[in-house]
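J.: Coordinates only, no sequence provided:
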């Protein structure tokens, strides 16, 4: 009874174990190489789902079906213009021939290290053949935006412009890709694309680059100051010019107006005083009389003769019978 | 048994199944010595049923969908809610947060992120390396930015690319450097920010479509952009110089404005005064003339007597004010030289 039970359980257990080792699942993201004593048999299983194999003697080796990434280590290398830069690439690849891949590389770690070798050396080759700017820039004839405030200063110094290129980043990437894709094909790998992830100046180059940037900025700053001073001087010049203009214009207009006024007054006076000989004589007389009032002051010493019209009566009631009644009064100072 | 969408759950699926069965067998063996054969079977069946029940349901949060695989093969997408599946690892549901706005930060870290791909990994050094870029005029700049994205196609996201989020980080860094590499340092730091954002967005979208990652990129936002630390001082100098330039010009303008409008006003004042002079002259002339004409009219009626009258009246008016008057006779003209006029020297006009 007890032995029977144990036997039943044992059979059940063994049955389950055999069943378990004769079925396997394939996920959407992988494909299987079936190996028999370590040797691949049959075509790789590429469709997902529940599959059957010979238990115990056949083994399944999952191989990724997805697009895989390769992230290179940043490495320092010289460009054609002898600048040391640190370059970091990434690539995307896919296992297209799983059997070949399995035979040549076994696992992903060795695949990654092959990619390291191949892409690393192709990158060095390509970088060494090009100047730095070819790897930095992409669009050949892009015209940069300029700060309206900077325009003058920069045009003079030829700054704020992009360094011209022959090929550009995309083409260099393409060259590396073309060379490397050929070399990795033997591993059953398809290289999908490569791109520069990071490019930077090497630590040893940086101080020089920074010095150049600083001197460039200083130039711009100086330019600004001198533009400011120049413009201020121009404004001060304008101030003096405009001031003189305004004041002289004022003077001119004032004199013109006064001239017109004087002329007009003269015309009016002349018109009245000159209307007849009698008027001329009368004007002269009255004007002279008027002027006495202001000419003769308190401290004037007046010596008058008894012959004068005013004092002629001092000597006699009828001074010199032949005295001209219209005789101009004689007055002396 | 929902698993993290970023985990590599799919790869470890078959061993999972085996482990479960072995676990069941272990429990069975434990129970054998204790009870009878019937009891053992009952316990085993119960354990299996319990385990089955435990792994037969899952819930999908409202911002996600679940991708269900049966024996590793893609079966269906499942909408949010409570759902059932075949237990014991036959069905596997992976929850993918398709509605959640995800983001990746470059060059800085917002603490407390749950998504391991959100922030730069590798600590301070890696974070710094991410920001360092070379511009199209061979200058250097430090750029920080954020990429906002969503998982638009959960099936592609899970099955097409092994590390979609990591790949997105690579793409983002690569594109940003490409865009910055085509610009001058001034564009990068000040005037070209918006253009950089939109161009980087377009390029990243194009690449993510090409790479079939199941990711759609919504936004690229630039954060801090600075010149490298040793250069920052000189960039500030430029800003200061720019301010100084404005200041110099404004001061000169101030001086100009202080003087010129005043001069304009004074000009008008003088012109007006001259105008006043003109009016005064003319009016006075006309007044004088009117008076003269009136006088002349009367004078011509009796010229002799009027002349005399005016003469005498004038002298009468003038004389009293004079302190020294000397009246001499024609015949005694010789006294004149004796007069001592010097005493009045000071008073001479």
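T.: The structure has been received and is ready for your questions. Remember, it's a predicted structure, so these values are computed and weren't measured experimentally. Numbering: from 1, shown residues only, chains lettered A, B, ... in the order given.
J.: pLDDT on stretch A:194-211, on average?
T.: Stretch A:194-211 shows a mean pLDDT of 88.
J.: in it, what counts as buried?
T.: Judged by neighbour count (16 or more other Cβ atoms under 10 Å in any protein chain shown), stretch A:194-211 contains these buried residues: A:194-201, A:205-206, A:209-210. For every residue, glycine as well, the C-beta is placed using N, CA and C.
J.: Okay, helices next: where are they in chain A?
T.: Under the criterion DSSP state H, chain A contains helices at A:2-22, A:98-105, A:108-129, A:132-136, A:151-157, A:169-184, A:206-273, A:277-295, A:312-315.
J.: I'd like to know which of the ones you listed has the weakest mean confidence.
T.: For those, the weakest mean pLDDT is recorded on helix A:151-157, namely a mean of 56.
J.: So which of the helices of chain A is the most surrounded?
T.: Compared across these, helix A:132-136 shows the largest average neighbour count, a mean of 24 (mean count of other Cβ atoms under 10 Å in any protein chain shown).
J.: and that one with chain B, contact?
T.: Yes: contact of helix A:132-136 with chain B (Cβ under 8 Å from any Cβ of the partner chain) involves A:132-133, A:136.
J.: Also stretch A:197-209?
T.: Yes: interface with chain B: stretch A:197-209 contributes A:197-201, A:206-207, A:209 (Cβ under 8 Å from any Cβ).
J.: among the helices of chain A, which is nearest residue B:120?
T.: When the helices of chain A are compared by Cβ to Cβ, helix A:206-273 sits nearest residue B:120, at 20.7 Å.
J.: Check the offset of the closest one from the chain's centre.
T.: Relative to the mean C-alpha coordinate of its chain, helix A:206-273 is positioned 33 Å out (Cα atoms, centre = their mean, to the nearest Å).
J.: which secondary structure elements does that helix contact?
T.: For helix A:206-273, the packing partners by 3 or more Cβ pairs under 8 Å, 6 or more residues apart in numbering or on different chains; DSSP states H and E come out as helix A:151-157, helix A:277-295, strand B:140-151, helix B:229-301.
J.: and the second one with chain B, contact?
T.: In other words, helix A:277-295. Yes: counting by Cβ under 8 Å from any Cβ, contacts between helix A:277-295 and chain B involve A:278-279, A:282-283, A:285-286, A:289-290, A:292-293.
J.: sorry, back to before: chain B: which of the residues of helix A:132-136 next to chain B is nearest?
T.: Checking the residues of helix A:132-136 next to chain B against chain B by Cβ to the nearest Cβ gives residue A:136 as the nearest, at 4.1 Å.
J.: quick check: domain ranges of the chain?
T.: All of this is about chain A. Domain assignment for chain A, taken from automatic domain parsing, gives A:20-61, A:68-204, A:213-295, A:297-333.
J.: I was thinking of chain B, sorry if that wasn't clear
T.: Annotated domains of chain B cover B:9-96, B:102-227, B:231-314 [automatic domain parsing].
J.: Highest mean neighbour count out of those domains?
T.: Of the domains of chain B, domain B:102-227 is the most buried (mean count of other Cβ under 10 Å), at a mean of 19.
J.: that older thread, would a markdown table of the residues of helix A:132-136 next to chain B with distance to residue B:130 be doable?
T.: As requested, these are arranged in a markdown table below (distance: Cβ to Cβ, whole Å):
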| residue | distance to residue B:130 |
| --- | --- |
| A:132 | 20 |
| A:133 | 22 |
| A:136 | 17 |
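J.: pretty sure residue A:111 is in contact with residue A:189, am I right?
T.: Yes: with contacts counted by Cβ atoms under 8 Å, residue A:111 reaches residue A:189, the gap being 6.6 Å.
J.: overlap in contacts of those two?
T.: A:95, A:101 (Cβ atoms under 8 Å, 6 or more residues apart in numbering or on different chains).
J.: mind putting the helices of chain A in CSV, distance to residue B:135 included?
T.: Shown next, in CSV, are the helices of chain A (distance: least, Cβ to Cβ, whole Å):
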stretch, distance to residue B:135
helix A:2-22, 61
helix A:98-105, 40
helix A:108-129, 18
helix A:132-136, 8
helix A:151-157, 14
helix A:169-184, 13
helix A:206-273, 10
helix A:277-295, 90
helix A:312-315, 114
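J.: Sketch out the low-pLDDT regions of chain B for me.
T.: Chain B contains residues with pLDDT under 70 at B:1-38, B:330-349.
J.: now the strands for it?
T.: For chain B, the strands defined by DSSP state E cover B:57-60, B:65-70, B:73-78, B:81-84, B:91-96, B:102-106, B:132-134, B:140-151, B:215-226, B:324-328.
J.: Could I get these in a markdown table, plus columns for distance to chain A?
T.: Output for these, formatted as a markdown table (distance: least, Cβ to the nearest Cβ, whole Å):
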| stretch | distance to chain A |
| --- | --- |
| strand B:57-60 | 18 |
| strand B:65-70 | 7 |
| strand B:73-78 | 4 |
| strand B:81-84 | 19 |
| strand B:91-96 | 9 |
| strand B:102-106 | 11 |
| strand B:132-134 | 5 |
| strand B:140-151 | 6 |
| strand B:215-226 | 12 |
| strand B:324-328 | 5 |
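J.: Of all the ones you listed, which one is nearest residue A:177?
T.: Closest to residue A:177 of the strands of chain B is strand B:132-134 (Cβ to Cβ; 21.3 Å).
J.: Given that closest one, what are its sheet partners and their directions?
T.: Note on strand B:132-134: by DSSP bridges, its sheet partners are strand B:140-151 (antiparallel).
J.: and the strand it pairs with with helix B:229-301, angle?
T.: Relative orientation of strand B:140-151 versus helix B:229-301 (axes from the mean of the first three to the mean of the last three Cα atoms, to 10 degrees): 100 degrees.
J.: so what's residue A:198 closest to, chain neighbours aside?
T.: residue A:88 (3.9 Å; Cβ to Cβ, 6 or more residues apart in numbering or on different chains).
J.: Tell me the one of the residues of helix A:132-136 next to chain B nearest residue A:84?
T.: Using Cβ to Cβ, residue A:132 comes nearest to residue A:84 of these, at 9.9 Å.
J.: Quickly note the distance from the closest one to residue A:172.
T.: 11 Å (Cβ to Cβ, to the nearest Å).
J.: what does residue A:17 give?
T.: 57 Å.
J.: Now residue A:143: phi and psi?
T.: Backbone torsions of residue A:143, given as degrees, to the nearest 10, read phi -100, psi 120.
J.: Can you give me the pLDDT of it?
T.: For residue A:143, pLDDT reads 78.
J.: how much space between it and chain B?
T.: With distances taken as Cβ to the nearest Cβ, to the nearest Å, residue A:143 is found 10 Å from chain B.
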